[in-house]
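Enquirer: this one's structure only:
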Ligand code: CDP
């Protein structure tokens, strides 16, 4: 009879994460656990200065250190046309500096030796003579006509500007502002932040001259894209390149770009004909690998007296560091920033953007976010908060008036996105009820008598997760879709491989649940593999919470192909025509005679031993899934804080999260994703601070200055659920991985603002460190995190 889906670990089961079996036993296989015979070790020498001409490099003393096998400089790379490599945004990035260094921490040389300590010692013997140049550390300086040209390597680059970009309807937006009763404005900076995965980046390149095969173990979230990039950069044939991404100790977008260390280790292996391992140290990771954010945002909203939003316009100025290396769809210069306000009914909108080079490490990675969506939603919710105040309206009521209504879907946003489903007001109301919104004013009064300031902050947002479709989304010309391959063995056990790459999200657990749901094969009978380009089908990897929307859909689709073939086999076994076959979970039976049936396992056995005439044996298939649209999860995050005006310290009294990510494959995994995301959101709002002094020195290049929250600091989170299935996803799921990181920060900041804005403060830039909050309350003035940016 039909199986109990929860018992076989199908959809909706809070199945324990199978990968944790090895992780909690210390048996995970991370890059540094991989040891190959005769392996050498590589260390990178990084620039101590942010902007300087390289006058000379003397490597002779390094060569003399016993155990050193190779010293590489920009010259070594240039001789093989490898001094520069393409970035994911059609720019170029120095692999090892030849002419100038352009940020502190840039690669200036590398040493390959018998062990990593020898390599590091030898690095310290390399003498580099620098002629220091003025450092540019923010877009305001970059714009100045007297600013030095950072990218003087580029023909036709005569300023530090990278791009101008615009989207939306300027005239319609101007008309909306002409009709407005009230215009509300806000300006803020979303500071640099670093994804700082526990495990830094690394690679082991192993070139075999006899076969011509290059195998690279690499900390990458997108192995197939890397394979294509290596083929292009190193001019090696793609079929002779194998990228293996082993267990990853977190990625969060930091492991999407192609880093110089990967390329250098490949050349080092080709030159030494031995495997070469490069493992970045934590400071190297913090100082040189992909950062997130660093955007100045300024906007205005046109409002009617009754609270209706008529239009909004916005300008962003982004600081990309020395190389434009954003990992984002080609069409969109500032990622999906234009998804801002997607959950509100905003009739007219216009966005302009410009981006600049500065003497900082390349930024723009989508740190647990879909290509700038975090900045977009943070600005949206800070702007909504300010606008409600300007109108004298209640925060919840203002949102309720403007949120897209349930019956308005599919809804086309002013910037052209199509959102397809949601119950926005329901999520908000659930959250308000859970936080005790109705009694808040009384609590606030009572707290003030105790000398404490109470605040409540709301953040509601929908975000676009799951790029492609391939018509609109590509990265360096590679179209965005994804894939799954399913092989059911003779005994009914199965192996599933996808083009995604888990970094801790639990794909090994949840993908098996989708197969169990579609085929009735118990999840424990399915092994999931990802990350090896020689075995996994081509895919775009995991970032931007695209795995469930795209690869997860491919898993459902390939399972259905298997079921279709199994149905034919069942008809053959039951000696009836296919039309007379019915399906229930795990079993086919004859219509009208439920007793006569065969299990999916019976069909698997027959696929290898008793197929009907003319049918190919075997039970395996693959599916490439090109989604018709993005998925649009919704979240309402509501935070209550208490601020101590004497110290500026703020404590979270309660945090309520209501998430609607459509159908949940594994509720426990989803909750884990939300809690992790909220923890990162709290860190950004509260404590994470990376800045640069006027010489371009990175302040925040270690974990004493750049803080990671522990369980001690992190508040508790109360989670609630609403389910609005995605109408176009085969199992109704929407992405969830990054929702809380994207929507969370504004809830914390709005809460602190709500506590202190009676003093006249309108904005304090993140991180809301106690000194900033204290200054704001004491002076009744805004606190800006960074030097102001001139907006033309
Ligand atoms: O792309 P990434 O894996 O980072 O994000 P995701 O697709 O949102 O999925 C994160 C984890 O949550 C995966 O293990 C998913 O299978 C799981 N998930 C789920 O159980 N139900 C959903 N509706 C969405 C995700």
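Expert: Happy to help now that I have it. For clarity, every value in this text was computed on a predicted model and none was experimentally measured.

Enquirer: in which helix or strand would I find residue 140?
Expert: helix 139-143 (DSSP states H and E).

Enquirer: run through the residues of the protein sitting next to the ligand.
Expert: 505-507, 510, 542, 545-548, 552, 661-666, 669-670, 673, 733-737 (C-beta under 6 Å from any ligand atom). To be clear about C-beta, it is placed using only N, CA and C from the backbone, and glycine gets the same treatment.

Enquirer: list the contacts of the residue most central in space within the chain.
Expert: The residue lying closest to the centre of the chain (C-alpha atoms, centre = their mean) is residue 368, at 3.0 Å. If you count contacts by C-beta atoms under 8 Å, 6 or more residues apart in numbering, residue 368 has them with 195, 252-253, 374, 677, 680, 737-738, 741-742.

Enquirer: equivalent analysis for residue 261, please.
Expert: 42, 44, 107, 110, 201-203, 278, 280.

Enquirer: columns secondary structure, neighbour count and pLDDT on top of those residues, output as a markdown table?
Expert: A markdown table is the format used below for the contacts of residue 261 (DSSP: H, G, I helix; E, B strand; the rest coil; neighbours: other C-beta atoms under 10 Å; pLDDT from 0 to 100):
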| residue | secondary structure | neighbour count | pLDDT |
| --- | --- | --- | --- |
| 42 | strand | 28 | 98 |
| 44 | strand | 26 | 98 |
| 107 | strand | 26 | 98 |
| 110 | strand | 29 | 98 |
| 201 | coil | 25 | 97 |
| 202 | strand | 24 | 98 |
| 203 | strand | 27 | 98 |
| 278 | strand | 29 | 98 |
| 280 | coil | 22 | 96 |
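
Enquirer: ranges for the helices of the stretch 1-150 of the chain?
Expert: 20-23, 60-64, 74-79, 116-123, 139-143 (DSSP state H, counting those that start in this stretch).

Enquirer: which of those helices is buried the deepest?
Expert: Ranked by mean neighbour count, the helices of the stretch 1-150 of the chain are led by helix 139-143 with a mean of 22 (mean count of other C-beta atoms under 10 Å).

Enquirer: got any ranges where the protein has weak pLDDT?
Expert: Regions of the chain meeting the criterion pLDDT under 70 cover residues 1, 786-792.

Enquirer: dig out what residue 217 forms beta bridges with.
Expert: residue 204, residue 244 (DSSP bridges).

Enquirer: next, count neighbours for it.
Expert: Neighbours of residue 217 under the rule other C-beta atoms under 10 Å: 27.

Enquirer: so what's it up against?
Expert: Per C-beta under 8 Å, 6+ apart, neighbours of residue 217: 31, 34, 203-204, 206, 244-246.

Enquirer: need those in CSV (columns: distance to residue 268).
Expert: Converted to CSV, those look like this (distance: C-beta to C-beta, whole Å):
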residue, distance to residue 268
31, 16
34, 16
203, 10
204, 11
206, 11
244, 18
245, 20
246, 20
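
Enquirer: just flag the most distant two among these.
Expert: 206 and 245 (14.6 Å; C-beta to C-beta).

Enquirer: more neighbours: which of the two?
Expert: residue 245 (28 against 25).

Enquirer: re the thing from before, out of the contacts of residue 368, who's nearest residue 157?
Expert: residue 253 (26.7 Å).

Enquirer: is the residue of the stretch 551-700 of the chain found nearest the ligand in a helix, a strand, or coil?
Expert: Closest contact between the stretch 551-700 of the chain and the ligand, by C-beta to the nearest ligand atom, is at residue 665 (3.3 Å). Recorded secondary structure, residue 665: coil (DSSP: H, G, I helix; E, B strand; the rest coil).

Enquirer: for it, give its distance to residue 287.
Expert: Distance of residue 665 to residue 287, given as C-beta to C-beta, to the nearest Å: 38 Å.

Enquirer: remind me which helix or strand the residue nearest to the centre of the chain belongs to.
Expert: Counting by DSSP H and E, residue 368 is found in no helix or strand.

Enquirer: find the nearest non-adjacent residue to the residue of the stretch 551-700 of the chain closest to the ligand, please.
Expert: residue 510 (4.7 Å; C-beta to C-beta, 6 or more residues apart in numbering).

Enquirer: check residue 165 too.
Expert: residue 333 (3.9 Å).

Enquirer: any idea which element that neighbour lies in?
Expert: Using DSSP H and E, no helix or strand contains residue 333.

Enquirer: quick check: it touching residue 354?
Expert: No: counting by C-beta atoms under 8 Å, residue 333 stays clear of residue 354, with 9.1 Å between them.

Enquirer: what do these two both touch?
Expert: Joint contacts of residue 333 and residue 354 (C-beta under 8 Å, 6+ apart) are 163, 165.

Enquirer: the residue in the stretch 651-792 of the chain positioned nearest to the ligand: neighbour count?
Expert: With C-beta to the nearest ligand atom as the measure, residue 737 is the residue of the stretch 651-792 of the chain nearest to the ligand, at 2.9 Å. Applying other C-beta under 10 Å, we find 31 residues neighbouring residue 737.

Enquirer: my read: it touches residue 677, true?
Expert: Yes: Residue 737 lies in contact with residue 677 (C-beta under 8 Å); the separation is 7.3 Å.

Enquirer: leaving out sequence neighbours, find the closest residue to the residue of the stretch 651-792 of the chain closest to the ligand.
Expert: residue 545 (3.9 Å).

Enquirer: three-state assignment of the one you found?
Expert: coil.

Enquirer: ok, now which ones touch it?
Expert: Residue 545 touches 370, 465-466, 735-739, counting by C-beta under 8 Å, 6+ apart.

Enquirer: please report how far it lies from residue 331.
Expert: For residue 545 relative to residue 331 (C-beta to C-beta), the value is 19 Å.

Enquirer: could you do residue 670 as well?
Expert: 30 Å.

Enquirer: burial measure for the residue lying closest to residue 14 once chain neighbours are set aside, as a count.
Expert: Nearest residue to residue 14 in three dimensions, chain neighbours excluded: residue 668, at 3.7 Å (C-beta to C-beta, 6+ apart). Using other C-beta under 10 Å, residue 668 has 15 other residues around it.

Enquirer: how long is stretch 331-340 end to end?
Expert: End-to-end distance for stretch 331-340: 17 Å, by C-alpha to C-alpha, to the nearest Å.

Enquirer: so what touches that stretch?
Expert: So stretch 331-340 is contacted by 163, 165, 167-168, 295, 314, 316, 318, 326, 328-329, 349, 351, 353, 355, 364, 366, 370-373, 375-377, 379-380, 413, 415-417, 463-464, 472-473 (C-beta under 8 Å, 6+ apart).

Enquirer: mind running it again at 6 Å?
Expert: 163, 165, 167, 316, 328, 351, 353, 370-373, 376, 380, 415, 464 (C-beta atoms under 6 Å, 6 or more residues apart in numbering).

Enquirer: buried sites along that stretch?
Expert: Neighbour-count burial for stretch 331-340 flags 332-340 (criterion: 16 or more other C-beta atoms under 10 Å).

Enquirer: repeat for stretch 620-636
Expert: 620-627, 629-636.

Enquirer: now the residue of the stretch 301-450 of the chain found nearest the ligand: phi and psi?
Expert: Residue nearest to the ligand within the stretch 301-450 of the chain: residue 368 (8.0 Å; C-beta to the nearest ligand atom). With angles defined as degrees, to the nearest 10, residue 368 sits at phi 40, psi 50.

Enquirer: now it: how far from residue 20?
Expert: 20 Å.

Enquirer: repeat for residue 653
Expert: The value you get for residue 653 to residue 20, if C-beta to C-beta is used, is 32 Å.

Enquirer: over to residue 621?
Expert: Relative to residue 20, and taking C-beta to C-beta, residue 621 is found at 29 Å.
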